[in-house]
Structures are given as structure tokens and as C-alpha cells.
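Chemist: fold the following.
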Amino acid sequence: MDIVTIWILCGVITAFVASYKRRSGCGWFVLGALLGPFGLILSLVVPSNAARIEREAILSGAYKQCPYCAELIRTEAVKCPHCRSEVDSPTDTEPTD
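Modeler: A predicted model of the protein is given here:
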């Protein structure tokens, strides 16, 4: 019974690490539970998924990068929540008729 507990614990830790790297926690839990310590090692080696998620958020138009600190902020934001700098809102850059 102890080996089952260890493998489930490996699955939980693997899911936590994968979630931190913006990967699927549920999928990595299954992988960690099936592979045990090898799944945990694999989750530590796999690179973060943050760059792809940020790129998709910018391309969708929901987010933009702050020109001062390069953090992602909502397109509608007028002040960056990270560096507190004033940024142009989309209504400021649109031409008026």
C-alpha cells in the first residue's frame, strides 16, 4: 500500500510543478501517477509554456505589453499594474471623425 501512496504523491507533485509552468495539471497528474518518480523528473525538465500563452494573448487582442516594463496588461488599461506607469489606451490612439 505504501508504493501506491508514493506514486499518487508523485502525481500530485508533478501536477503542481506542471501547473506552475502553465501546463495542464490534470494531464501531468495522470502522467506522474503512471510514471511515478520518472514523471516528476520529466515535469521538472519540461520548459515553461508561458511564452506561447503570452504570444497568443497578445495576438488575440485581449492583452498588450507595457512599453515601460514589458509585462502583459489588458488592452483597456490606462495604468500598468506592475510598474504604475501611464500607458496609452486604445481609445487614445484611434482617429476621431
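
Chemist: for the chain, which spans come out with low pLDDT?
Modeler: Applying pLDDT under 70 to the chain flags residues 1, 89-97.

Chemist: what segments of it are strands?
Modeler: Taking DSSP state E, the strands of the chain run over residues 63-65, 72-74.

Chemist: contacting residues around the residue sitting nearest the centre point of the chain?
Modeler: Centroid-nearest residue in the chain: residue 22, 3.7 Å away (criterion: Cα atoms, centre = their mean). By Cβ atoms under 8 Å, 6 or more residues apart in numbering, the contact list for residue 22 reads 48, 49, 50, 53. (C-beta placed from N, C-alpha, C; glycine too.)

Chemist: could you rerun that using 6 Å?
Modeler: Shown in contact with residue 22 (Cβ atoms under 6 Å, 6 or more residues apart in numbering): 49, 50, 53.

Chemist: from residue 46, how far out is the nearest residue to residue 30 once chain neighbours are set aside?
Modeler: Leaving aside its sequence neighbours, residue 30 sits nearest to residue 11 (Cβ to Cβ, 6 or more residues apart in numbering; 7.1 Å). Between residue 11 and residue 46 the distance is 15 Å, computed by Cβ to Cβ, to the nearest Å.

Chemist: and residue 25, by the same measure?
Modeler: From residue 25 to residue 46 the distance is 13 Å (Cβ to Cβ).

Chemist: give me the more crowded residue out of those two.
Modeler: Of the pair residue 25 and residue 46, residue 25 is the one with more neighbours under other Cβ atoms under 10 Å, namely 17 against 13.
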